[in-house]
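A.B. asks: need a structure here:
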Amino acid sequence: MNDDFLSKSYGKSTSASVRAHYDAWAASYNDEITKNGYATPGRCASALAQFADDLAAPILDFGCGTGLSGLALRLAGFDLIDGLDLSPDMLAQAETSGAYRTLDVIKAGANLPSPSRTYANIAAIGVIGAGAAPISVFHMLMKALPRSGKLVFSFNDHAIADASNEGAISEWTDCGAAQLLFKEYGDHLPGINLKSNVYVIEKA
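C.D. replies: I've put the predicted structure just below:
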């Protein structure tokens, strides 16, 4: 296992470099991230379960990676989970988790591939921030939600340090287009002393 992947995760600036990084990391990702106490998937899944109207309704796990988020969602009671990710190698690992109904690759900057399939709940766990997806992904997911749909997502300390990320939340909530139901600061990767905010937002 190469423990250097985590330390190199926050300096990627292009979608190609992000994909290459996560493809290379896929085989050892679960071991390394778990060793560092990855807490955000469980925190997000638990938060969403508090507000979801129907745990049996299909949920989209956007940026699902190797499937740790899908497993957390299953433990929280969600049954039908579809996963999307930029990295085919990460998705190959997610397939072995048994957590997903479907798994598909999404290209950087693309809209959701199945606009006819509406998800009442979407998760973007550990997805948006430095070295990962840009804040435009948050807006894309919010637009894809139906009325009263919920999005659970997280910003780690690196993402919180960029005021434009939380500013994007305000763009939706200040005008009444959405309501922030939950926000909690807590552990993300305790092994490297990194924390995160977990949010649940409901589209009006």
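
A.B. asks: need the helices for this protein, in chain order.
C.D. replies: Taking DSSP state H as the criterion, the chain carries its helices at 4-7, 15-35, 40-51, 68-75, 88-97, 136-144, 157-160, 163-173.

A.B. asks: The residue nearest to residue 63 when sequence neighbours are not counted: neighbour count?
C.D. replies: Distances taken as CB to CB, 6 or more residues apart in numbering put residue 127 closest to residue 63, at 3.5 Å, once the chain neighbours are dropped. Just so you know, the C-beta spots here come from the backbone N, C-alpha and C atoms, and that holds for glycine as well. Residue 127: 23 surrounding residues under other CB atoms under 10 Å.

A.B. asks: sorry, back to before: take the helices of the chain and lay them out in TSV including mean neighbour count and distance to residue 122.
C.D. replies: Formatted as TSV, those follow (neighbours: other CB atoms under 10 Å; distance: least, CB to CB, whole Å):
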stretch	mean neighbour count	distance to residue 122
helix 4-7	14	26
helix 15-35	17	20
helix 40-51	21	9
helix 68-75	24	11
helix 88-97	18	17
helix 136-144	18	5
helix 157-160	18	18
helix 163-173	15	14
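
A.B. asks: so which of those gets nearest residue 181?
C.D. replies: Residue 181 lies closest, by CB to CB, to one member of the helices of the chain: helix 40-51, at 5.3 Å.

A.B. asks: Show me what the lengthiest strand in the chain is packed up against.
C.D. replies: Taking DSSP state E as the criterion, the chain has its longest strand at strand 178-189. When contacts are defined as 3 or more CB pairs under 8 Å, 6 or more residues apart in numbering; DSSP states H and E, strand 178-189 packs onto helix 40-51, strand 150-156, helix 163-173, strand 194-203.

A.B. asks: Buried residues of that strand, list them for me.
C.D. replies: Going by neighbour count (16 or more other CB atoms under 10 Å), the buried part of strand 178-189 is 178, 181-182, 187-189.

A.B. asks: Now distance to residue 48 too, for the residues you listed, in JSON lines please.
C.D. replies: Shown next, in JSON lines, are the buried residues of strand 178-189 (distance: CB to CB, whole Å):
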{"residue": "178", "distance to residue 48": "15"}
{"residue": "181", "distance to residue 48": "9"}
{"residue": "182", "distance to residue 48": "8"}
{"residue": "187", "distance to residue 48": "17"}
{"residue": "188", "distance to residue 48": "17"}
{"residue": "189", "distance to residue 48": "20"}
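
A.B. asks: Farthest pair within these?
C.D. replies: Maximum pairwise distance among those (CB to CB): 28.0 Å, between 178 and 189.

A.B. asks: Identify the spatial nearest neighbour of residue 136, chain neighbours not counted.
C.D. replies: residue 109 (7.8 Å).

A.B. asks: and the one you found, backbone torsions?
C.D. replies: For residue 109, the backbone dihedrals (degrees, to the nearest 10) come out as phi 80, psi 0.

A.B. asks: Report how many residues lie close to it.
C.D. replies: Residue 109 has 11 neighbours, counted by other CB under 10 Å.

A.B. asks: All set, thanks.
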